[in-house]
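Undergrad: I would like the atomic coordinates for the input below:
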Amino acid sequence: MNILFVGLGGFIGASLRYLAGNIFSFSSDFPFVTLMINLLGSFLIGFISSVAGNSGYISKDLQLFLQTGICGGFTTFSTFSLETVNLIECGRVVFAGLYVLSSVILCIVGVLAGKYVAGLIVN
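TA: Below is the predicted model:
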């Protein structure tokens, strides 16, 4: 049954990522859309994991659906990796470095912010 929760969540998350990419796409040398999608997904996964771990408000099945399914389908490490390589291949090494640093730092901050906000709401 768990695989159905993850699969349905993944379908929803990947569909949301596709829609967000189409709605917010604009021409830029820097992959802002992927960064924003990954930042939002990081915030949500931090929020969900904190609520699930601290309160018991979220069942294990719902946590799998939301965290592994939706957040996993919504965020995109493979696109981040491809965009980084594309920047390097186009000679945009500084942009690639900035993209890697900003993605890692901002997404970790996003998880921490999600956990913090969840703590404010749950407690």
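Undergrad: now do the contacts for the spatially most central residue of the chain.
TA: Residue closest to the average C-alpha location in the chain (Cα atoms, centre = their mean): residue 41, at 2.7 Å. Contacts of residue 41 were listed using Cβ atoms under 8 Å, 6 or more residues apart in numbering, and they are 13, 71, 74-75, 110. Quick note: C-beta positions are derived from backbone N, CA and C, even for glycine.
Undergrad: next one: residue 67
TA: By Cβ under 8 Å, 6+ apart, the contact list for residue 67 reads 45, 48-49, 52.
Undergrad: how near is it to residue 53?
TA: Counting by Cβ to Cβ, to the nearest Å, the separation of residue 67 from residue 53 is 11 Å.
Undergrad: not counting sequence-adjacent ones, nearest residue to the residue nearest to the centre of the chain?
TA: Computed as Cβ to Cβ, 6 or more residues apart in numbering, the closest residue to residue 41 that is not its neighbour in sequence is residue 75, at 3.5 Å.
Undergrad: what pLDDT does residue 28 get?
TA: Predicted confidence (pLDDT) for residue 28: 78.
Undergrad: excluding chain neighbours, what is closest to residue 74?
TA: Leaving out its chain neighbours, the residue that sits closest to residue 74 by Cβ to Cβ, 6+ apart is residue 13, at 3.7 Å.
Undergrad: gap between that neighbour and residue 68?
TA: Relative to residue 68, and taking Cβ to Cβ, residue 13 is found at 9 Å.
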